[in-house]
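[1] Quick one, what's the 3D model for this:
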Amino acid sequence: MQNSKLFRLINVLEAKELVEFKQFLSSSFINCGKNEHKLFDIILKSYISKGIEEVNKLSKEELKVQLFPDKEKKKQDSSIRKCMSELAKGIEEYIVHIEINQQLFEKRHLLYDALIRRKEHKEAEQLLKSMNKNPYSEIDIYYFYDDYKTAHKAHEFYSNIYNRFDKQTLQKVSDKFDTYFIINKLQMLCTTLNKKKILGSAEKLQWIPEILTHIETDIIFKNPLIHLFYTCYLLLDNNNKKYFIELSELLKKYDGQISKHGINYFYTILLNHCNAQIRKGNNDYINKSFDLYEQMLLIDLPLGTPQLWQHHFKNIVTLASRLRKFDWALQFIQDYKHKLPKETQEDMVNYNKGIICFYKGDYKGSMDTFHKINTIDFLYHINKEMRLIKAYYELNQLKAIEYTIDSFRTYIRRNGGNRKRDYINFINVVKRLYSLGLAINRLSKLNPKTERLENRLNRIKKDVQDLKPLVDKDWLLEKIEAAKHKIERYKKRLNKIS
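    Predicted coordinates for the structure are as follows:
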């Protein structure tokens with residue numbers, strides 16, 4: 001049943017909305033009969049007793065018997081289909097009702113249009129005047145769209161109803177449309193450039209050179225959103241640290257003027273830039289990325305759906321751990337774990353505690369915590385296995401590392417997708433490094449020659465520097481340096497003996 005449209009819609013409603021929908025269902029605004037009421041009562045009862053999981057377990061056969069016990073099987077099938085379809089339509093109407101009530105300005109535009117169609121011009125004019133008093137405390141792209149729509153309606157009203165053509169009013173409409181159009185285009189440009197950096201492909205946009213030429217004047221500084229989007233464009237187009245700093249400073253300058261939804265866009269762009277720099281080995285951006293997340297938490301920016309939130313959750317804990325802010329990371333887990341999806345909350349907490357242990361150097365604690373994880377998605381499974389391989393390497397556990405590498409290789413070949421080669425290259429290098437480490441451990445007075453081992457190590461280092469694609473290159477280079485120091489220490493001991 002959980003694959004049906006009705007149950008998919010029920011799953012998007014919150015508990016208080018389900019209770020409120022019962023009242024909505026009883027109103028005369030929707031056409032639902034007694035069977036739809038009975039069906040929803042069964043669903044609501046299951047939800048109240050044991051939650052949404054119990055609702056999803058309801059079967060069509062069970063519902064047919066409860067709703068239509070006296071009908072033949074064929075009629076039961078058609079009746080339950082119709083009943084579920086009508087109830088689904090009712091929920092769709094309710095969702096639209098909720099959305100319209102949350103959109104103050106959209107409601108006013110709809111009311112204005114209805115009054116004009118009914119030729120109630122006096123009330124329409126009063127409403128139009130109130131719409132011009134825009135109560136937005138913070139701005140975003142929707143503010144400018146609403147501003148344009150209101151100006152356009154005012155121009156049409158006075159031109160058509162009172163036959164008063166005003167050039168200044170028309171100019172106002174044109175200017176407001178241009179502002180909305182430029183902001184919208186700049187956002188599309190930034191989104192396209194960001195997508196190109198991540199996926200390597202992007203759409204072609206029209207009018208961009210003309211828009212950039214137009215705004216490269218004083219207009220850029222007169223509108224906070226244009227200023228932000230233009231600086232964002234410069235960062236994405238030039239990849240220059242100067243524009244990263246400038247955009248960060250502008251976010252502080254316009255703090256409180258831009259809506260949370262609007263400002264979240266720019267923080268996401270800055271975080272993506274940091275991630276790209278960190279992947280290139282520019283570790284200065286670890287601190288910058290952590291600072292951005294701290295600021296986002298401080299001003300309570302929305303970090304997306306619970307599924308998207310768990311991605312940010314992992315990033316925040318990893319960044320804090322790399323900066324050795326272990327107490328901060330543990331407190332963060334405690335304070336924000338409630339925002340994770342309930343079905344994966346325990347696993348995500350264990351995963352992130354495992355990350356903290358790993359960066360502390362508590363490799364056994366890291367392994368023990370990772371082994372508590374039961375179900376986790378592909379990306380987190382990959383990262384968990386990578387951490388386990390590193391932990392086994394650090395603890396010099398031969399059998400465990402060989403088994404994990406072999407099982408991980410099999411998993412990657414089956415499920416690796418586009419990044420399959422990244423991980424295969426990583427485990428191949430780890431295997432070579434581990435083999436070399438065993439050879440270094442076997443060095444003795446009877447076998448003092450280190451030249452061949454140094455040559456092997458240099459070949460591995462060159463391969464790591466040249467290999468593309470390759471994940472965790474920094475860690476591999478760090479282990480190569482550790483192996484090099486081990487050989488050098490052995491050589492020094494030999495010289496003292498001789």
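[2] Show me what the helix or strand Lys461 falls within is packed against.
    Applying DSSP states H and E as the criterion places Lys461 in helix 451-466. When contacts are defined as 3 or more CB pairs under 8 Å, 6 or more residues apart in numbering; DSSP states H and E, helix 451-466 sits against helix 420-441, helix 473-497. Bear in mind the C-beta positions are built from the backbone N, C-alpha and C, glycine included.
[3] residues contacting the closest residue to Lys337 other than its chain neighbours?
    Sequence neighbours aside, Val349 is the residue nearest to Lys337 in space, at 5.5 Å (criterion: CB to CB, 6 or more residues apart in numbering). Neighbour list for Val349: Ile333, Lys337, Leu340 [criterion: CB atoms under 8 Å, 6 or more residues apart in numbering].
[4] quick one: buried residues of the helix or strand harbouring Val349?
    Element membership of Val349 [criterion: DSSP H and E] is helix 345-360. Buried residues in helix 345-360, defined by neighbour count with 16 or more other CB atoms under 10 Å: 347-359.
[5] hang on, the earlier thing: the helix holding Lys461 to helix 473-497, inter-axis angle?
    Interaxial angle of helix 451-466 relative to helix 473-497 (axes from the mean of the first three to the mean of the last three CA atoms, to 10 degrees): 160 degrees.
[6] Residues in contact with helix 451-466: which ones?
    Under CB under 8 Å, 6+ apart, the answer for helix 451-466 is 429, 432-433, 436, 439-440, 443, 470, 473, 476-477, 480, 483-484, 487.
[7] follow-up on the earlier one: what's the least confident stretch among the helices and strands packed on helix 451-466?
    Lowest mean pLDDT of the helices and strands packed on helix 451-466: helix 473-497, a mean of 87.
[8] Any chance of a markdown table for the helices and strands packed on helix 451-466, columns distance to Asn101 and mean neighbour count?
    Formatted as a markdown table, the helices and strands packed on helix 451-466 follow (distance: least, CB to CB, whole Å; neighbours: other CB atoms under 10 Å):
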| stretch | distance to Asn101 | mean neighbour count |
| --- | --- | --- |
| helix 420-441 | 48 | 18 |
| helix 473-497 | 51 | 14 |
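[9] Of these, which is nearest Tyr293?
    helix 473-497 (20.6 Å; CB to CB).
[10] And that closest one, how far out from the chain middle?
    Centroid separation between helix 473-497 and its chain, computed with CA atoms, centre = their mean, to the nearest Å, is 41 Å.
[11] and the angle for it with helix 420-441?
    Using the same axes, to 10 degrees: helix 473-497 against helix 420-441 is 10 degrees.
[12] So which elements touch helix 473-497?
    Helix 473-497 packs on helix 420-441, helix 451-466, going by 3+ CB pairs under 8 Å, 6+ apart.
[13] contacts for that helix?
    Applying CB under 8 Å, 6+ apart, the contact partners of helix 473-497 are 281, 283, 390, 393, 426, 429-430, 433, 436-437, 440, 443, 445, 448, 450, 453-454, 457, 460-461, 464-465, 467, 470.
[14] What about the contacts of Val349, which are in strands?
    Among the contacts of Val349, DSSP state E puts none in strands.
[15] any idea which of those is the one closest to Thr268?
    Leu340 (19.5 Å).
[16] Is that closest one in contact with Pro306, as I believe?
    Yes - the criterion here is CB atoms under 8 Å, and Leu340 meets it with Pro306 at 6.3 Å.
[17] More neighbours: these two, which one.
    Leu340 (20 against 15; other CB atoms under 10 Å).
[18] just to revisit the earlier point, can you give me the buried ones in whatever helix or strand comes next after the helix holding Val349?
    The element immediately downstream of helix 345-360 (helix or strand, assigned by DSSP H and E) is helix 363-370. Going by neighbour count (16+ other CB under 10 Å), the buried part of helix 363-370 is Tyr363, Gly365, Ser366, Met367, Thr369, Phe370.
[19] What lies in contact with helix 363-370?
    By CB under 8 Å, 6+ apart, helix 363-370 touches 350-351, 353-355, 357-358, 384, 387-388, 390-392, 394-395.
[20] Quick one: list the elements packing against the next helix or strand after that helix.
    Next in sequence after helix 363-370, counting helices and strands by DSSP H and E, comes helix 378-394. Applying 3+ CB pairs under 8 Å, 6+ apart, one finds that helix 378-394 contacts helix 345-360, helix 363-370, helix 398-415, helix 420-441.
[21] try 6 Å this time
    helix 363-370, helix 398-415 (3 or more CB pairs under 6 Å, 6 or more residues apart in numbering; DSSP states H and E).
[22] Relative to Tyr158, which of these is closest?
    Comparing the helices and strands packed on helix 378-394 by CB to CB, helix 398-415 comes nearest, at 63.5 Å.
[23] I'd like to know how many residues surround the spatially closest residue to Asp300 that is not a sequence neighbour.
    Nearest residue to Asp300, sequence neighbours excluded (CB to CB, 6+ apart): Lys260, at 7.6 Å. The burial count assigned to Lys260 is 13, neighbours taken as other CB under 10 Å.
[24] For Lys149, find the nearest of the helices and strands packed on helix 473-497.
    Closest among the helices and strands packed on helix 473-497, using CB to CB: helix 420-441, at 47.9 Å.
[25] remind me which residues of the stretch 1-150 of the chain are low pLDDT?
    Scanning the stretch 1-150 of the chain with the threshold set as pLDDT under 70 gives 1-2, 134-136.
[26] ok, now with 50
    Along the stretch 1-150 of the chain, no part satisfies pLDDT under 50.
[27] Helices of that one, start to end?
    With DSSP state H, counting those that start in this stretch, the ranges of helices along the stretch 1-150 of the chain come out as 5-11, 15-25, 34-50, 52-57, 60-67, 73-102, 104-117, 121-132, 141-160.
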